[in-house]
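Participant: Just to be clear, the model below is a prediction. Sequence and coordinates:
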Amino acid sequence: GWPVCSDTCPEIWRHVASECEVIRVSGDSVRDNRELDDEVCPLYRAIMVLRVLQLEAEDRDYILEFMDHIEDREEGDADPVVQTIRGLWGQEQWSEELVRRVEGILDVNTVEHRVQVGEGPSGRAFLPITSLASHSCVSNSFKDKVSVPGWVVTRAKVAISKGEEITFHYSAGLKGRLLRRSTLHKGWFFLCGCARCQHPGERGAELSSLGCECGGVVRPVRPLDQETEYRCEECGAELASEEVQEREERLRAELETCYTTDTVALEQLLDKHKAAFHPKHWLILIIKWLLVTSWGRVAGIKHHQLEEAVLERKLIYAREYLAAVDIVDPGISHNRGMTLWEIHAATSFLANKRFAEERLSPVRFIEMLSECLEAVREAKFSLQFNKEGSNEAEMRRAACEAEMKLVNGINTFQSMLGIKLKETK
């Protein structure tokens, strides 16, 4: 009665021979984990630990080289798994210490696989090579889960030099330092000390920086200390870490009360808090991103229904967001690709509108189309390896079509005008 992944699973023999004899005592019918109200089902949680315990010694010993962080985890956290394997299933040949160690290793080192609603349950997997990669808040690789069915492919998101460490981004990459580092500590039991975390301004991204009454920028004094004070670079005024956290939590609470497409409420919220935060603070950028993706996309506020001043604000906010993303999430990144597409959309609309109204010179028109071409090409690159039918995949398809139209349009206008501002192909 236990659901398995598929009748065509290449290791179906393992499910039947190695597992069924052990887990059959759980009963003739075990509900699918998707039907349970609890976040984690103890029986399912124990299955992966059992599979590791049943591996050949060489493979099991390889996994046992990974860290389990047992000393950092809550006492009794693994008790349900121990009780299931040694008690309910009667597998007392595995010591309690070993069961706890394997459970800890899997908890810390497995990778979550989320799927869309209706496609089956999400799950976790231990990837023997990929799981070796350390975290960095500016990672250089990502996990491609769509290109090769049934496989997770590790790909470089930026150019990686020979000898350079390959890193992954575990969680909360576009969040500020207080939330990002506490999330990592809670889930993976370490406080990150990467180059981004060490820099008061997050290497120029400024996702944790605040604004001062004097107009200066307020940054953490000792970035690797979660309790450090924040200090204004101009007047020297200081804020305690608790005050910074309270300020962020107030804005988060207000943001959660706004509809994501209510541009009027979002602009009011932005105007209310913009003096207290840096223009690229992560919460301010969330507001700006919601505005960028609403203006021009939501019924009633399509591009042709907006004043040019609003479209110019959209471009300013999109470029601010992109400036931060280019630092903390560069290269192949859906955040970067989607932002570039929005920049192209607004720029293209303004260029065509102004040219049609004879408010734009032919030369400037070609220049703006060239800017659009550069944006869609970068978007096309950044939006690789997304699931067919996803918003990102559809956006990349649109970027490919836009690229062809822009190349033809630029070449046609340059030919008509007898000029060659840029080689386009």
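Facilitator: Ah, there it is.
Participant: secondary structure element for the most centrally placed residue in the chain?
Facilitator: Note on the chain: the residue nearest the mean C-alpha position is Gly173, at 6.2 Å, using Cα atoms, centre = their mean. Using DSSP states H and E, Gly173 sits in no helix or strand.
Participant: now do Pro330
Facilitator: Assigned by DSSP H and E, Pro330 belongs to no helix or strand.
Participant: mind checking pLDDT for it?
Facilitator: Model confidence at Pro330, expressed as pLDDT, equals 96.
Participant: Likewise for Ala125?
Facilitator: Value for Ala125, per-residue pLDDT: 84.
Participant: next one: Ser29
Facilitator: 59.
Participant: If I follow the layout properly, the residue nearest to the centre of the chain ends up in contact with Ile327?
Facilitator: No: using Cβ atoms under 8 Å, Gly173 is not in contact with Ile327, being 10.9 Å away. C-beta here means a position set from N, CA and C on the backbone, and glycine is covered the same way.
Participant: what residues do the two have in common as contacts?
Facilitator: Both Gly173 and Ile327 lack any common contact, where contact means Cβ atoms under 8 Å, 6 or more residues apart in numbering.
Participant: ok, how many other residues are close to Ile377?
Facilitator: Not Ile; residue 377 is Arg. Residue neighbour count, defined by other Cβ atoms under 10 Å, stands at 18 for Arg377.
Participant: Over to Lys405?
Facilitator: Lys405 has 14 neighbouring residues, counting by other Cβ under 10 Å.
Participant: quick check, it in a helix?
Facilitator: Yes: Lys405: assigned to a helix according to DSSP: H, G, I helix; E, B strand; the rest coil.
Participant: where's the residue nearest to the centre of the chain relative to Leu53, distance?
Facilitator: Note on Gly173: its distance to Leu53, by Cβ to Cβ, to the nearest Å, is 34 Å.
Participant: give me the element Glu243 is part of.
Facilitator: helix 241-256.
Participant: do Ala159 as well
Facilitator: Going by DSSP H and E, Ala159 is not in any helix or strand.
Participant: what about it, how many residues close to it?
Facilitator: 8.
Participant: Then Ser136?
Facilitator: Close neighbours of Ser136, defined as other Cβ under 10 Å, add up to 20.
Participant: pLDDT at the residue lying closest to it once chain neighbours are set aside, what is it?
Facilitator: Take Ser136 and drop its neighbours on the chain: the residue closest to it by Cβ to Cβ, 6 or more residues apart in numbering is Thr167, 3.7 Å away. Thr167 carries a pLDDT value of 95.
Participant: Hmm, Ala133 and Thr167 touching each other?
Facilitator: Yes: between Thr167 and Ala133 there is a contact at 5.9 Å, judged by Cβ under 8 Å.
Participant: anything in contact with each of the two?
Facilitator: Common neighbours of Thr167 and Ala133 (Cβ under 8 Å, 6+ apart) are Ser141.
Participant: Glu308 reaches Phe349, doesn't it?
Facilitator: No: judged on Cβ under 8 Å, Glu308 makes no contact with Phe349 at a distance of 9.6 Å.
Participant: all strands of the stretch 1-150 of the chain, in order?
Facilitator: For the stretch 1-150 of the chain, the strands defined by DSSP state E, counting those that start in this stretch occupy 111-113, 123-125, 134-135, 141-144.
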